[in-house]
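Student: only geometry, no sequence info:
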């Protein structure tokens, strides 16, 4: 299954990725207005915030309040991140959070300790409990993530075999429990991937689980985000997590430089897809408007390209 | 001839591209120091400035002075841009300008009028005179550029056949005059190219001139610069023009937004090459230092990624 897909789904993480990394806590009205703009772009899933410790991530402390205030659009799922049971409980009790039951694996032990305060092996074992917990609440696992899948700022190169082992573990468990294999999400959390390693990884994941849907969570830390996305598209991957305006970057990823680029930029990726003739269901101009709104809120230039240059629509119309 | 090349040559255009677009004229000492940093990175060609009308591009008025002041390193060619005979004369009379005799073609008539004050057809006819002029001064044509090769903000889509016609014209002329075919340079001046159109274009140019060296001048206007460069690399292209820190963008390209991204970023491209195992002869860390110096001069965040995140060397060493 290679060759470009006909339709690609983008899941928007900007509201969480973007604001968790900023020192400042921006007024909730502004963040609500930003999410409301995103709701009208054609995006079908928006990650609103995260239910994590306000001690470590005070920027996300009012996530429950965000869920109360946003204007929901039909067809849009509003999700949140959690990293432990307490966070999950908070998500359950907040207003209409779409629960995208997920499993999290760390390909890097050191990053697991930084981000989740436990070893990667312990984290893997905990996933059994998560499955039980999800099932207890009536949710089937939707996605399984392997983070730092290409390399880690704390641990260096990550062997591909280690990533594939985690995916194999999932597939085995699904066979055991006769449940469908979830989306297998390859996360290049710290921007170590290249188009070539991305292609080899997708090949590997396909061997482990030929029928599974593969998704990617890409960062543009070293400028290869869109090239990596293109490589994944060329392999038929049709599911991406991204951030409008290129917002984000993990606060605990150890880049040591505040201006390091964050997630792959949604509107730049959408522009690429549309230019390749791939449908996304997303209105590029509306997305550009949302990106510019984010830049206005944050008050300094964001990393997206198309948000500054504009798309090609106006030039084509003017000259048609 | 597809598959990655073993060695790729990068020609640096940052000093010209970067400063011509800024409103401010930065102190010449700072620009000299910046070029001196670039000279120590392993780059073998640096475009120092341009001999164009100071009325239209006052930022380049002291190019001759720059050539006097820079500290030249052995093995580095210091070049300049010119668009007419007067500019060429100025280049000849300035101190030790490496004359990279070039021919310029516009795939877009409207852009030709904006950038060169004549039609694309007239521009093509003028190239005969340029060849004569170069030969008179003892130079053989080194490179032939087709600009706006993928699309034009003034004219819209550019058919590939039009670009190939210009290259065919060159090849015909070389046969006639029994001179070697120059480097055929495909310039995506306004950032309309995609990895797919890049690949098709290279295929086309190879058909026109199977033995010619193909080069690309890429812009990152809509975020596809590195993906396009990757596509070209995968086709065996081994010559690129780029700008450190992603400096630049053409002041007459009609993007209408000052913050639109400029040329494809040299150090991000070098990072990609090295990660793919392609040699460039360039010291990435030295280049990052030069990029950061440019950001300091300009005083606002530049678009490069690796200059902010750093490369992977330190993480690999720390964890080896």
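Tutor: Received it, and whenever you're ready, just let me know what you need. Predicted model only: the values in this text are computed from it and were never measured. Numbering: from 1, shown residues only, chains lettered A, B, ... in the order given.

Student: residue nearest the centroid of chain A?
Tutor: residue A:241 (3.5 Å; Cα atoms, centre = their mean).

Student: Quickly find the element holding that residue.
Tutor: Element membership for residue A:241, per DSSP states H and E: strand A:239-242.

Student: Also residue A:175?
Tutor: Assessed by DSSP H and E, residue A:175 sits inside helix A:160-177.

Student: elements contacting the strand holding residue A:241?
Tutor: Applying 3 or more Cβ pairs under 8 Å, 6 or more residues apart in numbering or on different chains; DSSP states H and E, we find strand A:239-242 packed against strand A:9-12, strand A:183-188, strand A:214-218, helix A:266-275. (Glycine included, C-beta is placed from N, CA and C.)

Student: from the ones you listed, which stretch is densest packed?
Tutor: Looking across these with neighbours counted as mean count of other Cβ atoms under 10 Å in any protein chain shown, the highest average goes to helix A:266-275: a mean of 26.

Student: contacting residues around the following helix or strand past that one?
Tutor: The element immediately downstream of helix A:266-275 (helix or strand, assigned by DSSP H and E) is helix A:284-298. Contacting residues not belonging to helix A:284-298 are listed as A:14, A:18, A:22, A:26, A:30-31, A:33-34, A:37-38, A:40-43, A:244-245, A:247, A:265-267, A:270-271, A:274, A:301-302, A:304, A:306-307, A:310-311, A:313 [Cβ atoms under 8 Å, 6 or more residues apart in numbering or on different chains].

Student: Could you rerun that using 7 Å?
Tutor: By Cβ atoms under 7 Å, 6 or more residues apart in numbering or on different chains, the residues outside helix A:284-298 that reach it are A:14, A:18, A:22, A:26, A:30, A:34, A:37-38, A:40-41, A:244-245, A:247, A:266-267, A:270-271, A:274, A:301-302, A:304, A:306-307, A:310-311, A:313.

Student: now swap in stretch A:301-311 and tell me
Tutor: A:220, A:245-247, A:261-262, A:265, A:267-268, A:271, A:284-285, A:288, A:291-292, A:294-295, B:191, B:220-223, B:255, B:257, B:259-261, B:301.

Student: same thing with stretch A:45-52?
Tutor: A:11-13, A:15-16, A:20, A:35, A:38-39, A:57, A:60, A:63, A:66-67, A:70, A:76-83, A:87, A:90-91.

Student: Give me the buried positions along it.
Tutor: The neighbour-count criterion (16 or more other Cβ atoms under 10 Å in any protein chain shown) identifies A:45, A:46, A:47, A:48, A:49, A:50, A:51, A:52 as the buried residues of stretch A:45-52.

Student: Looks to me like the fourth one is in a helix.
Tutor: No: residue state for residue A:48 (DSSP: H, G, I helix; E, B strand; the rest coil) corresponds to strand; a helix is not indicated.

Student: so how far is residue A:68 from it?
Tutor: As judged by Cβ to Cβ, to the nearest Å, residue A:48 and residue A:68 stand 11 Å apart.

Student: circling back to that earlier point, give me the buried entries from the contacts of stretch A:301-311.
Tutor: Buried residues within the contacts of stretch A:301-311, defined by neighbour count using 16+ other Cβ under 10 Å: A:220, A:245-247, A:261-262, A:265, A:267-268, A:271, A:284, A:288, A:291-292, A:294-295, B:191, B:220-223, B:255, B:259-261, B:301.

Student: Please identify the buried residues of the helix holding residue A:175?
Tutor: Using 16+ other Cβ under 10 Å as the test for burial, helix A:160-177 gives A:160, A:162, A:163, A:164, A:165, A:166, A:167, A:169, A:170, A:171, A:173, A:174.

Student: The residues you listed into JSON lines, with extra columns for pLDDT and distance to chain B?
Tutor: What follows is these, written out as JSON lines (pLDDT from 0 to 100; distance: Cβ to the nearest Cβ, whole Å):
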{"residue": "A:160", "pLDDT": "96", "distance to chain B": "15"}
{"residue": "A:162", "pLDDT": "95", "distance to chain B": "14"}
{"residue": "A:163", "pLDDT": "97", "distance to chain B": "17"}
{"residue": "A:164", "pLDDT": "98", "distance to chain B": "21"}
{"residue": "A:165", "pLDDT": "96", "distance to chain B": "20"}
{"residue": "A:166", "pLDDT": "95", "distance to chain B": "20"}
{"residue": "A:167", "pLDDT": "97", "distance to chain B": "23"}
{"residue": "A:169", "pLDDT": "95", "distance to chain B": "24"}
{"residue": "A:170", "pLDDT": "93", "distance to chain B": "27"}
{"residue": "A:171", "pLDDT": "96", "distance to chain B": "29"}
{"residue": "A:173", "pLDDT": "89", "distance to chain B": "30"}
{"residue": "A:174", "pLDDT": "91", "distance to chain B": "33"}
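
Student: ok, those vs residue B:129, which is closest?
Tutor: Closest to residue B:129 out of the buried residues of helix A:160-177 is residue A:160 (57.2 Å), distances taken as Cβ to Cβ.

Student: quick one: contacts for the closest one?
Tutor: For residue A:160, the residues meeting the contact criterion (Cβ under 7 Å, 6+ apart) are A:200, A:201, A:204.

Student: Then residue A:59?
Tutor: Residues A:19, A:20, A:22, A:25 are the ones in contact with residue A:59 under the rule Cβ under 7 Å, 6+ apart.

Student: how much space is there between the residue nearest to the residue nearest to the centre of chain A when sequence neighbours are not counted and residue B:289?
Tutor: Spatial nearest neighbour of residue A:241, excluding adjacent residues (Cβ to Cβ, 6 or more residues apart in numbering or on different chains): residue A:217 at 4.3 Å. As for residue A:217, its distance to residue B:289 is 31 Å (criterion: Cβ to Cβ).

Student: Right, I'll leave it there.
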